[in-house]
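Enquirer: the following block contains a protein sequence and its predicted model.
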Amino acid sequence: MNENKLTALLSLLDDSSFEIYQRVEKELSNLPVSVIPQLEDSWLESKNTLFQERLEIIINKINFNHVKKELIKWGKSDTQNLIEGAILVNKSYNPNLLTDPIFKSIEKIKQDVWLELNDQLTALEKIKILNHFFYNIYNYQALSPNNPTNWDGDIGTVLSQKQGNYVMIAIIYAAIAQKLNIPVYGINLPGSILLCYVENDIIKSSKTKEVLFYINPIDKGHVFGCKELEHLILAKNIDNRPKYYQPTSNTSLIKKLVKHEINVYKKLKLDSYLPNFRELYKAI
């Protein structure tokens with residue numbers, strides 16, 4: 001969009017006609033994020049409260065539209081880095097999220113675990129080492145869902161506080177494992193945040209992989225087998241379907257994070273965030 005057209009649209013932003021404002025808002029909201037610094041300058045230069053309020057809404061929409069596009073692109077990628085996915089979810093409501101500290105924190109844990117790994121270790125031994133560092137050295141723990149907060153799904157805060165909601169703890173755990181080439185992924189069981197260790201990396205092939213064992217990231221990485229998972233499924237009073245025992249893509253974990261955020265923000269009555277979360281959930 002050229003400078004003259006942008007100026008003309010901004011001049012109509014505080015128009016008394018709501019219909020004109022809606023048309024202007026729609027056009028401005030579709031602008032790329034690169035225009036935001038210019039819009040922020042206009043906000044600072046104005047003394048018109050209505051103009052500032054409306055422009056703030058538009059800036060937020062531009063940011064959200066950008067994040068949504070990036071998350072859709074992430075979902076279609078071959079790698080689906082879990083940390084990047086979680087960051088995008090957080091950026092949907094916090095566009096100024098600092099990402100460098102997040103990646104540094106993940107890398108530090110990964111390096112510490114990596115120093116203790118070798119090719120002679122079994123799958124179970126590798127998980128025991130990861131569990132030791134994640135839960136005993138770094139002291140990560142999951143918060144009870146009975147006391148939801150509006151920060152326990154924010155990856156930056158969770159990494160600094162060493163505690164977070166069930167989904168975020170599972171995402172960070174699985175992300176570190178995957179960075180170490182330890183094939184840990186979520187499973188298809190609804191209403192549960194459980195992980196599994198597969199024989200090979202499921203990202204590299206669409207074929208069904210053999211699950212060696214399951215991991216409960218909420219219970220300090222407790223490892224269990226098919227029989228225990230079967231008991232859990234029966235206790236949930238749901239159909240015992242083969243797909244519940246199978247690994248799923250990283251998209252599923254990120255989708256569970258968004259769903260968790262929807263439930264939390266409902267409980268906290270922070271309704272203004274819900275439309276964006278619902279839109280993200282549909283988009284992934």
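Expert: It's in.
Enquirer: got the contact list for the worst-scoring helix or strand of the chain on mean pLDDT?
Expert: In the chain, no helix or strand scores lower on mean pLDDT, DSSP states H and E than helix 3-11, which sits at a mean of 91. Here helix 3-11 makes contact (Cβ atoms under 8 Å, 6 or more residues apart in numbering) with 24, 27-28, 35, 38-39, 42, 55. Just so you know, the C-beta spots here come from the backbone N, C-alpha and C atoms, and that holds for glycine as well.
Enquirer: give the next helix or strand downstream of that helix.
Expert: Sequence order places helix 18-29 as the next helix or strand after helix 3-11, per DSSP states H and E.
Enquirer: average pLDDT across that next one?
Expert: pLDDT averaged over helix 18-29 equals 93, rounded to a whole number.
Enquirer: list the contacts of that helix.
Expert: Counting contacts by Cβ under 8 Å, 6+ apart, the residues outside helix 18-29 that touch it are 9-10, 12-15, 39, 54, 57-58, 61-62, 65.
Enquirer: who's in contact with the residue lying closest to Asp112 once chain neighbours are set aside?
Expert: Nearest in space to Asp112, with sequence neighbours left out and distances taken as Cβ to Cβ, 6 or more residues apart in numbering, is Phe133 at 5.5 Å. Contacts here follow Cβ under 8 Å, 6+ apart; on that basis Phe133 touches 109, 112-113, 116.
Enquirer: just the buried ones from these?
Expert: When burial is judged by neighbour count using 16 or more other Cβ atoms under 10 Å, the buried members of the contacts of Phe133 are 109, 112-113.
Enquirer: now tabulate those in a markdown table and tack on distance to Glu3, pLDDT and secondary structure.
Expert: What follows is those, written out as a markdown table (distance: Cβ to Cβ, whole Å; pLDDT from 0 to 100; DSSP: H, G, I helix; E, B strand; the rest coil):
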| residue | distance to Glu3 | pLDDT | secondary structure |
| --- | --- | --- | --- |
| Ile109 | 47 | 98 | helix |
| Asp112 | 51 | 98 | helix |
| Val113 | 52 | 98 | helix |
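Enquirer: closest one of those residues to Lys267?
Expert: For those, the closest approach to Lys267 (Cβ to Cβ) belongs to Ile109, at 30.3 Å.
Enquirer: for the least confident helix or strand of the chain, which positions count as buried?
Expert: By neighbour count with 16+ other Cβ under 10 Å, helix 3-11 contains the buried residues 6, 9-10.
Enquirer: same question, stretch 8-25
Expert: 9-10, 13-14, 21, 24-25.
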